[in-house]
Structure formats: C-alpha cells, structure tokens
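1. Let me see the structure of the following:
(chains A, B and C)
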Amino acid sequence: MSTTPKASRSQTIHWLGSIGVIALMTVAGYAALFVAPEERSMGLIQRIFYFHATSGMTAFVAFFLCFIGNILYIVKRESRWDWLAVSSAEVGVAFNTVVLVTGPIWARPVWGIWWTWDARLTSTFVLWLLYISFLLLRTLVDDSNRRAVVSAVFGIFAFLDVPLVYMSIRWWRTQHPQPVLFGGPGSGLDPQMRAVFYTCWVALLGLMTLLIRQRYRLEALRHEVQELRVQVETQ
Amino acid sequence: MNLARGARIILAKELRTEFRARELLSTTIVFVLLVIVLFSFTFDPTSAESRRFGPGLLWLAFLFAGSLMLQPSFLREQSNDTLASLRMAPIEPFAIFLGKIAANLFFMLLAELFLLPVFAVLYNVSIVPVFGSLTLVLFLGTLGVATVGTVLSAISVHARMRELMLPLLLLPALTPVLVASAEVTAGLMAQPPVLNTEGLLLLVIFDVVFLTAAWLVAEYLLEE
Amino acid sequence: MSAPHNAADPALGIAFQEIEKRYGDLFALRRVSLSIRPGEMVALVGANGSGKSTLLRVAAGLVRPSSGRIEFGTRSIAEGPYGSLALRRRIAMVGHSIMLYDALTAEENLSLFGQLHDLSGLPALIRDGLAAAGLAQRSSSLVRTFSRGMRQRLAIARALLSAPGLLLLDEPTTGLDVQGIAWFTDTLRRLRRGGCTIVMSTHGPSEALRLATRAVRLEAGRVAADSAKGAELTSMLDFQEN
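-> Numbers count the residues shown, from 1 in each chain, chains lettered A, B, ... in the order given. Alright, predicted model coming up:
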C-alpha cells in the first residue's frame, strides 16, 4: 500500500465514502422494507419498486457521466476522461441490469407474467444492449488511443439516441396501448412513499459514485503500470 | 462550398464504382427478398395479419440488409489506402461521410423501391394509393439507417470481428427508426390508410440529430 | 475558399518540433525535431520500422502526433494540416500504398483526384500526366489490370497532378523498372528546378538520391544523423551492408 500523503488522503476518502454508502444503503433498505406504507393491492413485493425505478434513474445518470467523459476526451485528449467514460458505462450497465432483473421479479407474483413490453422496460432493454455494445467495442479495438476515440464517438451517438429511444417506444406504446404496469410515471406517490423513494435514490447515487470511483482508479492504476513498464523497457 | 463540392465528387465516385460492379445492389435485393420470404414461413398470414406484421417485417429486413450493405462503405477504402488520398484532399472531412451517406441512401432506396411492389404482392397489401407517402417514409427512415450506418462503418473498420460488430452496434441504435418507420408504414397499409405525422416527425428529428452529430465527429473518426 | 490553381506553387518548408507518436506501448517517433527549408530535397534513410513512413504521414496530415508541433512556412499547426484546406492543396504524397481505386480507370482516378483538388484545365492535365508516365495507352483500363510498375507510375502521376509545393515520397521507386526510375528521376529534377520541397524516404540505393541535397537518418524513431549537422552526405547515402 502506498503511503504518499495524496494516496493516503485518497484512501481515507474511500473508506469514509464506503462507510457512508453502506450506511445510506442500510437506511434505504430499512425504509423500503419497513417505513414505506404497504401498497394496497400488491403486497410485500411492491417494495422492490423503490429499487427498480431508482436503479433506472441511476443508470441514466451514469450514462450521462459517460457522455460527458466521451465529449471531454474528444476535445481534450486526456486519458482520464476515457477512464471516466468506461467506468460510468460499466456501472450504468450494472444498474440497468438491476432494472431488467427486478422487473420480472416484481411482475411475476403480481401480474402473473415474467415480462412486459411496456415503454420503460423496453427502452431500458434497448439501452442495455446499446451500452453493452459500447463495452464490447472497446474490447475489440487494440490500440488504446484509437479505442478511446472510436468508443467516445460511439458513446456520443449512443447517448444522443437515449431520448429518441424513449420517445419512439413511448409513442409506439400509445399507438398500441397496454394496461399500465409498474405504476405509470407520476402515478401519484403517497408522500411517505415519495420520501422513501428519494432516500433510495440518493443511496443508489452514492453507490454509483463509489463504484465509478473504484473502477476509475483501477483504470488509472493500469495506465500507471503500463507507463512504468514502457519507461523501464526504453532504458 | 467545399462541403457540397467534396460530397458531390465522392458521391459520383461511389455511384460509378457500384454501378460498374453491381454486386452490392443485387446482393442486397436478394437478401431482403430472402428475409421476407422466410419470415412468411413463420406464420400463416391472413390479409389482416399481413397488414399488422408485414410492415414491421419489411423494415426489419431493410435494417438487416442495411447492416450488411453498409459494411463495405469504409472497409473498401482500406485496400490501397485510398482513404488517405481522400483525407489529404482539400475538402472537409464530413464531405467524405456525406458523399458516402448519400450513396448508401441512394442504393438502399433503390433496393427498397424495387422490393416494395414485391412485398405488396406477397402480402396482399395495396400500396398504389399511398405510394407517395410510402416513398417519404422510406426516404426518412433509410436516411437514418444510412447516416448512423455509415458512421458505424467507419468505426467498425478498426475493430476485430468487424462483420459482427457493425450489426451489433447498428441495430440497437436504430430502434427509433425501426419503431417509427414500421408504425407509419403500417398506418399507410391499413384500411383505410392513415398518415402518422408524429412518426414522421420522430424520423426527421432522428435524421437531423445524427447528421449533425456525424458532422461534428467526422474528423475524429478519420484520424490515425 | 480559394480559386483553383495550377501554377507550380512556391516551395513549402516544413519544421517538426519535438514530434512524438505512440501506438500503445510502441513509440514510432520520439522527440523528432527537424527543419526543412523550402526547395530542399531531403533523403530520409533508415531501416524498416525506424519511423520514416510515420514521419511522412505526420507531414501529410494523415497521422496526428501524440505531442509536438509542425510548422509549414510561417504557419504553426499543432497537429498537422488538419484544419487548413489551403495547406492541403500544396502537399502531395506517394505513399506505401498506391492510394488509387482498383475499380476505376487510370483516367477516372486522376479525374477524381483532380476534382477534389479543384484543378482547372483538368482534361489536359490528365492527358499530359498520363503521357509523361507512359500510361497514355492504358488510360481507360481499370487500375486492377495494371502491373506493379504501372500502378506505381500512376501513383506518382497522381501526386504530381496538383503541382505541389511539398512532395512526400515513401519509397517511391518500389516496383519501377529502369525506364520508370529514369522518368522519375527526371521528373524530380524538373520539380526541383520549378521550386518544390521534396522529402523522400528510402532504405536502399537509388538513382534519384543523387539529387538529394541533404540526408537524415532515423533510428528507432529518433534522428540519428543529419547531413545538415555535420554528418557526411555521400556516406549516408552509401548503404553499405554491414
């Protein structure tokens, strides 16, 4: 373990942050399970909603960070923006996966079906595919500079696509209406539910930040190792 | 204006090359035909069902064909490093893309307009009264496919497994085009036919957004 | 927007300042600083992989250096002629590949290039260029049908079409027969008289090198020797086998 002042301060932040996030997640979990009022028709399983919808929102924030990283890399050509992009894309995909997994878990006991092609779930699926492709593209380009440029361009296109995907699928659903499951957008949340909802969201945002930061540091370390190796080889 | 001039010259080059070889166009047409026919084996279409499923299948076939046909766009420029001579020319980098997008749009439209009557016959839909509107949605949708596809062709040239990479990147990205185009086409093939302007608007927005994005990133895609 | 031009441009000088190019772990160019005056003919020598091709591509604006600056004449550009269309008009290159379309005829290739460069009097330029290169008989044949030597001659003819102020040549005599080399050397001689900076890379002896006024050797991406800075020109161009 390194002992430079900067490194140990970074470690302190990391430990404090981790503890903070764990605390937040615990609070959120408790709130979702015990504090939030029981939903009339769906029972216990409905509580998964507090993590289902919020994961989706958190994924979007992560993808937005990826978009920022992509743009800044193209403009400034500093590797750290590429590290931000890949870190937030991976974390975004993880949160998106949570949405796609909790959906069926919720839907099956309540509505008797595993999957529904409703607007949000479908859009989430497409986004998931899009950013999985982003990550896959990165593994298939060997030169690190080109990989960064090329994936930044695709990342920009992918994020610009996000609102269009949502709009088009929502419009498609208005053309072929289905019964609304998962509590439609803005379907009046009871104030207590709303409080729990936002608590969970803040907790997830904290978790997202922690994960991105860790992944970012991993990239930074990899880069450092590579630089050292190159330095050694050219002596 | 350098952009228009450069794009026009490159468009002419692409057209000349393809009309001489004619391999891309014929392969695309046969492929789409194949997809349409094979799809028809998977369900037994009554007229009403055809009208419901048909347009979606048609656009799906177009998208698949597009993802295969757009592949050579930049791949071709790697042999003899001709891309270098285009990049060294005193034209805007986006002119290279614009010329190729226009060429790809042209060929895909050509294939689609050829296949539309064939589809109409196979699926018993009437297209003559709405042919103008159909052409419009074909144009707007295909422009979206060509724009994103040409950019992704430039990207996938640098990746391993590029034959798989292009469809992999392209198909999720084109979801809005598929959804909107299929819906508008379905509306036009319904009885009575209806023109869904919201869908057209979505396509226009898609095209504008991605043409602009392509313009902004063109030079970065071409650099070494 | 500039008017189409054809008159031989005044020669263009080029200065590399601390140019570095890295591909992942590999350094193609390391801190290369080199100043080439207008009208000079520089022979770029070095083994395969020493960075000659990369340096030429950086000068051509094809490769973006990882760091460093390039100056053309009095203009200073960090990444090469990317942003400057005016500069690109004056630079031409005969690269490692011929940069020609196999599926087009010789005439169509030159026409494409000429139109992109907005050259006036193009039909005459093409006719003369093909005749000088000894390809007049095959002007309507697809490049695909050309022999190696013919392709090289066409590549050279293409580069000369725009009467460049800076000509970058990457092993340009590869594939040329004795007559081809004689024609090429003659052409270089004429270009130099008309005013053109030439940078030519080579890894072996060549007739054309006799015209060089300066030689620079690259080794592992670095400038190892420069005849303008003391090294002996003729011995650098001697290519003794060790």
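2. What are the buried residues along the helix ranked longest in chain B?
-> Secondary structure of chain B per DSSP state H: the longest helix is helix B:93-122. The neighbour-count check on helix B:93-122 (16 or more other CB atoms under 10 Å in any protein chain shown) flags B:93-109, B:111-112, B:115-116, B:119-120, B:122 as buried. All C-beta atoms are positioned from the backbone trio N, CA, C, and that covers glycine.
3. Kindly report the same for stretch A:189-207.
-> Applying 16+ other CB under 10 Å to stretch A:189-207 flags A:193, A:196-197, A:199-201, A:203-207 as buried.
4. For chain C, state which of those residues is nearest.
-> residue A:207 (33.4 Å; CB to the nearest CB).
5. And whichever strand or helix holds the closest one, what does it pack against?
-> Secondary structure assigned from DSSP states H and E places residue A:207 in helix A:191-233. On a contact count with 3 or more CB pairs under 8 Å, 6 or more residues apart in numbering or on different chains; DSSP states H and E, helix A:191-233 meets helix A:5-30, helix A:49-76, helix A:79-111.
6. can you list those in TSV and add mean neighbour count and mean pLDDT?
-> Supplementary listing: these in TSV, determined by neighbours: other CB atoms under 10 Å in any protein chain shown; pLDDT from 0 to 100:
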stretch	mean neighbour count	mean pLDDT
helix A:5-30	13	82
helix A:49-76	21	94
helix A:79-111	20	93
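7. of all those helices, which lies closest to residue C:203?
-> helix A:79-111 (34.5 Å; CB to CB).
8. and chain A, which residues reach chain B?
-> With CB under 8 Å from any CB of the partner chain as the criterion, chain A meets chain B at residues A:74, A:126, A:129-130, A:133, A:136-137, A:140-143, A:146, A:149-150, A:152-154, A:156-158, A:160-161, A:164-165, A:167-169, A:171-172, A:175.
9. are any of those buried, and which?
-> Neighbour counting with 16+ other CB under 10 Å marks A:74, A:126, A:129-130, A:133, A:136-137, A:140-141, A:146, A:149-150, A:152-154, A:156-158, A:160-161, A:164-165, A:167-169, A:171-172 as buried within the residues of chain A next to chain B.
10. In strands, which of these fall?
-> Judged by DSSP state E, those include no members of strands.
11. ok so, going back, quick one: which of the buried residues of stretch A:189-207 has the lowest pLDDT value?
-> Least confident of those in the model: residue A:193, at 79.
12. Contacts only, for that residue.
-> By CB atoms under 8 Å, 6 or more residues apart in numbering or on different chains, the contact set of residue A:193 is A:36-37.
13. rerun at 10 Å
-> A:32, A:35-37, A:39, A:46-47, A:49-50, A:183 (CB atoms under 10 Å, 6 or more residues apart in numbering or on different chains).
14. Skipping its backbone neighbours, what lies nearest residue 172 in space?
-> Picking chain A for this. Nearest residue to residue A:172 in three dimensions, chain neighbours excluded: residue B:179, at 4.8 Å (CB to CB, 6 or more residues apart in numbering or on different chains).
15. Correction: the question concerned chain C.
-> Nearest non-adjacent residue to residue C:172 (CB to CB, 6+ apart): residue C:94, at 4.7 Å.
16. Which residues does the one you found form beta bridges with?
-> Note on residue C:94: beta-bridge partners by DSSP bridges are residue C:169.
17. pLDDT score assigned to it?
-> Residue C:94 is given a pLDDT of 95.
18. can you count the residues close to it?
-> 25 (other CB atoms under 10 Å in any protein chain shown).
19. wait, isn't it in contact with residue C:155?
-> Yes - contact between residue C:94 and residue C:155 holds when scored by CB atoms under 10 Å: they sit 5.3 Å apart.
20. shared neighbours of those two, anything?
-> Common neighbours of residue C:94 and residue C:155 (CB under 10 Å, 6+ apart) are residue C:172.
21. if we can go back for a sec, widest-spaced pair of the contacts of residue A:193?
-> A:35 and A:183 (18.2 Å).
22. gap between the residue nearest the centre of chain C and chain A?
-> Centroid-nearest residue in chain C: residue C:168, 1.6 Å away (criterion: CA atoms, centre = their mean). Note on residue C:168: its distance to chain A, by CB to the nearest CB, to the nearest Å, is 23 Å.
23. circling back: can you pick the most crowded of the contacts of residue A:193?
-> Among those, residue A:50 has the most neighbours (other CB under 10 Å), with 25 neighbours.
24. That one: what's it in contact with?
-> Neighbour list for residue A:50: A:28-29, A:31-33, A:36, A:102, A:193, A:196-201, A:203-204 [criterion: CB under 10 Å, 6+ apart].
25. what separates it from chain B, distance-wise?
-> Counting by CB to the nearest CB, the separation of residue A:50 from chain B is 28 Å.
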